[in-house]
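A.B. asks: Sharing a model prediction with you, sequence too.
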Amino acid sequence: MRGPFRIEGHAIASEDGMIADSTGLMPNSLKFPSDQKAYETALDGASALVNGHLSYEWQANSPARKRLVVTRRVAGLAPDPGNPNARLWNPAGASFDDACASLGVRSGTVAVIGGTFVFSLFLTIGYDAFHLSHAPGVRLAGGLPVFREQADGRSPEAVLAGAGLAAGPARAFADGVTMVEWTRAP
């Protein structure tokens, strides 16, 4: 745990390690009922979410979830004009702890849900766990990778291992999706 927070990443990637197509949006080909259900359950248990301006989970509980929207449009922290449960957060101008405090969140699980910049940001802050799912048969040539660090050809798994996380056993879902929880050694 990082201080009072447990930081968990959540992503589903194509076979070639992409989380979005070339437009920056998640295509329907990456949406599987089994993964969506596991994802929604995890987010329902989180104290807060962190996402970029294009990442949003679009579920019934989404508007009620406390969240930090990572952006360079503000100097540090600002209310999100479109969501009273959200704050706009520029990590260059405010600490992660201050950002969480602005939501009234001082402990608990923080779920990091993307995109690429946000996933890479938390490699530095420190993940306690990263839930990486893979979509069978999906390739997104020219898409956006899970991590910026994949620019040198590394897989998301290699990036996670390089950040000190170790893979647990693969969990297979009926629709062919596999999920591996990567965790930091205690």
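C.D. replies: Yes, it's here.
A.B. asks: how about the strands in the chain?
C.D. replies: Using DSSP state E, the strands of the chain run over 5-13, 18-20, 48-52, 67-70, 77-80, 83-89, 108-112, 129-134, 144-145, 165-172, 178-184.
A.B. asks: want to throw those strands into JSON lines with mean pLDDT and distance to Q59?
C.D. replies: In short, each C-beta sits where N, CA and C put it, glycine included. Converted to JSON lines, the strands of the chain look like this (pLDDT from 0 to 100; distance: least, CB to CB, whole Å):
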{"stretch": "strand 5-13", "mean pLDDT": "97", "distance to Q59": "13"}
{"stretch": "strand 18-20", "mean pLDDT": "97", "distance to Q59": "17"}
{"stretch": "strand 48-52", "mean pLDDT": "95", "distance to Q59": "11"}
{"stretch": "strand 67-70", "mean pLDDT": "96", "distance to Q59": "12"}
{"stretch": "strand 77-80", "mean pLDDT": "97", "distance to Q59": "18"}
{"stretch": "strand 83-89", "mean pLDDT": "95", "distance to Q59": "14"}
{"stretch": "strand 108-112", "mean pLDDT": "97", "distance to Q59": "12"}
{"stretch": "strand 129-134", "mean pLDDT": "98", "distance to Q59": "16"}
{"stretch": "strand 144-145", "mean pLDDT": "97", "distance to Q59": "21"}
{"stretch": "strand 165-172", "mean pLDDT": "97", "distance to Q59": "21"}
{"stretch": "strand 178-184", "mean pLDDT": "97", "distance to Q59": "18"}
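A.B. asks: Out of these, which is closest to D152?
C.D. replies: Between D152 and those, the tightest spacing by CB to CB is seen for strand 144-145, at 10.6 Å.
A.B. asks: Which of the strands of the chain sits closest to L121?
C.D. replies: strand 67-70 (6.9 Å).
A.B. asks: The most centrally placed residue in the chain: what's it in contact with?
C.D. replies: What sits nearest the mean C-alpha location of the chain, by CA atoms, centre = their mean, is I113, with 2.3 Å. The contact partners of I113, by CB atoms under 8 Å, 6 or more residues apart in numbering, come to 9-11, 43, 49-51, 55, 57.
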